Structures are given as C-alpha cells and as structure tokens.
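In: 3D, please:
(2 chains)
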Protein chains: 2
Amino acid sequence: MSILAVGSVALDGVETPFGSVKEAVGGSAVHFSSAASLFGPVQMVGVVGDDYPMEKLTFLENRGVDLSGVVQRPGKSFRWSGRYTHDLSSPETLETELGVFADFHPQIPPAFQSPEILFLGNIDPRLQLEVLKQVDRPGVVACDTMNYWISGSREPLMELLSHVDILMLNEGEIRQLANEPNLVRAARWARKQGPSRVVVKKGEHGALLFDGDGAQQIFFIPGYPLEEVYDPTGAGDAFAGGFLGALRTSDPLNPQSLRRGMVMGSVTGSLAVEEFSVDRLARADRQELARRAREFRRMTHFELDEIDREEVLHG
Amino acid sequence: MSILAVGSVALDGVETPFGSVKEAVGGSAVHFSSAASLFGPVQMVGVVGDDYPMEKLTFLENRGVDLSGVVQRPGKSFRWSGRYTHDLSSPETLETELGVFADFHPQIPPAFQSPEILFLGNIDPRLQLEVLKQVDRPGVVACDTMNYWISGSREPLMELLSHVDILMLNEGEIRQLANEPNLVRAARWARKQGPSRVVVKKGEHGALLFDGDGAQQIFFIPGYPLEEVYDPTGAGDAFAGGFLGALRTSDPLNPQSLRRGMVMGSVTGSLAVEEFSVDRLARADRQELARRAREFRRMTHFELDEIDREEVLHG
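Out: Sure thing, here's the model as predicted:
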C-alpha cells in the first residue's frame, strides 16, 4: 500500500531553551516521511533549491522513501527559523525565506499517480487541489492546513475540504476554521464540509479523533508525558506520518484502524520532539514504536467491571 | 467507609457567556460533597454565616451528607463572585468577601474523628494541619491547595504535604509548587515531599495520576468532550469528590482503585460543569455515572494485538 506525501522540504533554524540548530532538514513532507517510513514505503513530492543538502535525506531513502518527486531547482531552498520560549507551545517566527518554494507547483511523477493514501501537507490549498487533480482518487485523502490559509484562502480551502477524508488540524486552527470555540461543535461543523473524520491535535495535551456524532464516536489519545522536549517543530507532521503510516491496512477507515492510527501518531509525534529536527525519528525502529504504543496502552487502560457490577457505585 | 470533607461553604456569583447566577451555593466542601455523596456517606465540616440558605443543602442531606459539622456563626457567609470569558479557562475574580470564613478554625465533631478518607479542601494549610491533629490517621489523606498558599504560606504547606497521601492540584499550581515547568519532573519532585500519589488536573484537557516513577506509573484520563460548558466553578472539587468517592473500596490506594477513581473523578467533574452551581450533580444518579464512565472507556479504549503481532509495523 503506497503513501504519497506532498509538502514543504525546508531548512530550519530552531532555538529552544535547550539548544539550537541551524540549516537542519525540516518541512512538512520531511517530518511526515520520517514517521510514515517507519511503517512502509513513502513517495515524496516537493521542491528544493540547488543548495539543499540532499545527503541528509539518505536515511529516508534507506527506509524506502522514494525522493524522485523532490525536484531540485536553481535558487535557494525554503528556509524557516523560529524560537521557542520555555513553555514550548508555539514558536516566534524569526525569519521565513521562501526561495524556490515561492513558485512551487507540485508535479506528481507518473509512478506516484495511484497512491492508496495521500497526505497533503500544509501548503497553499490551491496547490493541494492541483495535487488531487493529478492522481487517481486515493482510498484515503488526508490534509493539514494552517491559520494563514484559513483566513486568507478560505474559498480554495473549502473546495479542498469537499474532497478530503481526514482533516488534521490543531486546536486553534479548527476553532478558527469553524469560527466556534467549542471543539465538539467545531469538529461537527468541519465534518459537514467534507472530511468524514477530523483529527484535532492538541500538542502535549494529546489528540482527538472525531469519527461520527456523539461521545462514542470520539477517540482520545493523550500526549506522552515526556521529561524532555527539545524541539516541537514538525511534531504535527510526525503525528500525521505515524497516523497514516498505521492506516496501511486492508481497511484503513475502519474505526479500529483509525484508533490504532491515533496511537501510532502519538507515538511518532512524541518521539519526534525528543531531539532536534528529524534526528530522533531517523534512528527510531519498529520495536521502539511497539514499545511506546504499549506504554500508551498502560497509561490509558482501565477496567470498568466493578463499576458495571456496581461495587463502586453501591459501596 | 466514611469520608470527611473540610473546606469552604460559600455563596457564589458566577457570570459566563451562557448566563449568570447570584448567591448560588458553592465552596470546595459543597462541590466535593455533591460528587462524593453519589458514592456513599460524607461528613462535612465548614462554617457559614447566619444568612446562609441551609435549605439549599437539603439535597446533600438526602444523599447521606452529615452537615452537623457545618457551624453557623453570626455574620455574613463567605461570598465569591467571578466572571468567565469565552474560553472558560480561568475566571476573573470580581469580589471576595470572607465574612465568618475569615476566623474559621475547623472543629471536627467527635463522631467525625475517625474517617477512612479525609479530603482537605483548598483552605489555609495551617487550618488543614489543624484538621489532621483532630482526627485518627485516616487510611487516605488527600489535599488541594492554590497559588495563594503556595507563594504565601509555603512553610505550613510543606509541613502539610509530609502528612498527605494524595496531592490534587491543577497544572499551573504544581508547576509553581515545584518551580518546574515540566509536569513529569514537577510531579516527581512533589512525590518526594510526602504525597506518594499526585493528581494533576488539566481542566478540559483531562487529568494525570502519578503513582510512581516511569511512564507505566502514569495514568491519564481525558476531559469529557462537552458541547456545552456552563460553569467551570468547582469542577476541581467535583473531580476530587468523584475520585475519593470511588476509592471507597477495601484497598483504596491499589493502582486499579486509583485508576477507577480517576475515571469517576472525570465523570463527576464533567457533569458538574454542565450547569451552574451544584445543579447538575444534585440531580445526577449512579446509573448516569456508570453510563458516562462507560463512555470514557469507549473514548480511550484501543487494542494493540495487531501491533504486537507486528501486522501494522510490518505492513
């Protein structure tokens, strides 16, 4: 089962209270593929300048990521730099230099045009729509977006949503998209715009899957309680990579598949932030993913037998 | 198994975007008992002025709350009023009038002096210590506190903690207490000060139980995804009431008992905020608690069999 990921391929400068990196590989397609490739092959589409250190993506190729859709153009690569303060919640952007990304129009190579799962990383919704036009309708289309497109490109974004199966946003973004502070109501509104499933990422507070109406259609996975968070950059894309990577089953939109996806998304997202850039996911392996998934299970598992037998309630 | 609750008994004025109430019954002991009494008898200790509408606590007496420890003194009752803005996270305090609460020194009636479980609601830690001196050492001592005491009464608070089994705080409070932004490290520090268990309440984001070191000693329960939150006042005390109420078993500090406590705390906390004051818990019943507990289970349950069989990871 093939996964196609389209998004940014960037060089990031990140400062946190715990250190800093410069010119580190980043961008939504890179973070996504670092996670998704732990589950199986990924096809990646993006653009870089002639200054991009492609050798730093060798670990992805070694894990089965086909980089033939990453086009190298004359000019500078997309660069972003930001600074996180102590709470590590959201970064202050120090500099954005679009470079060759400014004229990016994704070209899907013929070999990539029949993906089973498509991840549309956070880029201009017009470009996300261009991608959709170039591929046979995948079994699963998932997309991310951000406040910039929600406020500035609402029309193409709404058109995009009508073609999407799974919308993945953070808390603030879905509230803004739906113009509704309550997450349950915001997710219900979003589900009426096209995506039958909505994933709301809450950072350290975990993530919610809305898979229908009513509380029994909601699945919740907590954030992994980390003692050290070095670099939150790309955590949302790493979550998406683990989530969609784990959907590589015969029945990806089945409720149990989606729950497993949420668990594996939390696993890869929590690993991603433990080191700068993609360093942590680059050296992760499947045994480690399985181990952390079991920790998530221990952390959330409880039995209600005694409540059902009313021992607790008739104590 | 008897539960003794000591705390404030107040009249609250609350404004939210959804409405307002004036002179509504509130205070930590009242919110706690509204929840804990759904599980069994509670003994309540507090003070009110001669203006307190005691008839509004009749629903508690009908549910087995012994109010004989609530002393009525000449003067005005403790009044608090606050206003919540749209995000309902923390209120702006509009007015605090201590009244007879200013001279409160808890007197534990002889019939209340051998509780199995003791809840020390958020009052001056010196008063919490006075309570401890008046009772036989209970099997479980749990306490709450707040930023005011953490910064202003640190010495008696630390003395109190050395006698406590379960510390229940919100996120901001434990960070302030431990002077440590990371929750895992903050909880570890707190556990070294006395309480072998630490419960961190995160409001709509759920709650964490730290029951030892390492990720397997952490239990997480999400917030219940409510469409309407009318009044968050007292939610933390309602959580504590459900939590300690559900510990009314033969082995309250057993890990499974504590997990059930966390679930039932989330159940009562989530019910509490659905209406103003104690209105929602006043009309709750045990069937409803069991139903919501089962919804929490559906919302968090997942199987890892396929991950363990490595189907997902070798897809």
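
In: any idea of the mean pLDDT for stretch A:145-152?
Out: If you average the pLDDT over stretch A:145-152, you get 96.

In: ok, now stretch A:98-117?
Out: 97.

In: first vs last residue of that stretch, how far apart are they?
Out: Start-to-end span of stretch A:98-117 (CA to CA, to the nearest Å) is 28 Å.

In: buried sites along it?
Out: A:L98, A:G99, A:V100, A:F101, A:F104, A:P106, A:I108, A:F112, A:P115, A:I117 (16 or more other CB atoms under 10 Å in any protein chain shown). C-beta: built from backbone N, CA, C; applies to glycine.

In: which of these lies closest to chain B?
Out: The shortest approach to chain B among those belongs to A:I117, at 11.2 Å (CB to the nearest CB).

In: ok, now which ones touch A:F276?
Out: A:V14, A:G19, A:V21, A:A24, A:Y230, A:D231 (CB atoms under 8 Å, 6 or more residues apart in numbering or on different chains).

In: what are the bridge partners for the second one, then?
Out: When you say that, I think you mean A:G19. Counting by DSSP bridges, A:G19 is bridged to A:T16.

In: restrict the buried residues of stretch A:98-117 to contacts with chain B.
Out: Filtering these for proximity to chain B by CB under 8 Å from any CB of the partner chain leaves nothing.

In: farthest-separated two in those?
Out: Greatest spacing in the buried residues of stretch A:98-117, by CB to CB: A:G99 and A:I117 (28.8 Å).

In: for A:G69, helix, strand, or coil?
Out: When classified by DSSP: H, G, I helix; E, B strand; the rest coil, A:G69 comes out as strand.

In: returning to that earlier point: lowest-confidence one in the contacts of A:F276?
Out: A:Y230 (86).

In: what sits against that one?
Out: A:Y230 neighbours (CB under 8 Å, 6+ apart): A:T16, A:F18, A:G19, A:V273, A:E274, A:E275, A:F276.

In: am I right that the first one is in contact with A:Y84?
Out: This points to A:T16. Yes - between A:T16 and A:Y84 there is a contact at 4.5 Å, judged by CB atoms under 8 Å.

In: who touches both of the two?
Out: In contact with both A:T16 and A:Y84: A:D231, using CB under 8 Å, 6+ apart.

In: so which bits of the stretch 101-250 of chain A are right by chain B?
Out: Going by CB under 8 Å from any CB, the residues of the stretch 101-250 of chain A near chain B are A:181-185, A:202, A:205-206, A:208, A:215-216, A:218-222, A:224-229, A:246, A:248-249.

In: are any of these buried, and if so which?
Out: For these, buried by 16+ other CB under 10 Å: A:182-184, A:202, A:205-206, A:208, A:218-222, A:224-226, A:229, A:246, A:248-249.

In: hmm, back to that, which one of the contacts of A:Y230 is nearest to B:A240?
Out: A:V273 (31.7 Å).

In: next, count neighbours for the closest one.
Out: Residues within reach of A:V273, counting by other CB atoms under 10 Å in any protein chain shown, total 24.

In: so it sits against A:A235, correct?
Out: Yes - using CB under 8 Å, A:V273 is in contact with A:A235, at 5.0 Å.

In: quick one: the strands in the stretch 51-200 of chain A?
Out: Assigned by DSSP state E, counting those that start in this stretch, the strands in the stretch 51-200 of chain A fall at A:65-73, A:78-83, A:92-97, A:117-120, A:140-144, A:166-170, A:197-201.

In: would you mind pulling the contact partners of stretch A:120-133?
Out: By CB under 8 Å, 6+ apart, stretch A:120-133 touches A:5-8, A:27-29, A:32, A:45, A:104-106, A:108, A:118, A:141-146, A:149, A:153, A:156-157, A:159-160, A:163-164, A:237, A:240.

In: can you mark which positions in that stretch are buried?
Out: For stretch A:120-133, by 16+ other CB under 10 Å, it's A:L120, A:G121, A:N122, A:I123, A:D124, A:P125, A:L127, A:Q128, A:E130, A:V131, A:L132.

In: and stretch A:269-286, by the same measure?
Out: Result for stretch A:269-286 [16+ other CB under 10 Å]: buried residues A:269-282, A:284.

In: so which of these are in helices?
Out: Judged by DSSP state H, the subset of those located in helices is A:G269, A:S270, A:L271, A:A272, A:D279, A:R280, A:L281, A:A282.

In: now do the contacts for A:L160.
Out: Per CB under 8 Å, 6+ apart, neighbours of A:L160: A:L120, A:P125, A:Q128, A:L129, A:L132, A:C143.

In: if I look at it, how far off is A:R191?
Out: 15 Å (CB to CB, to the nearest Å).
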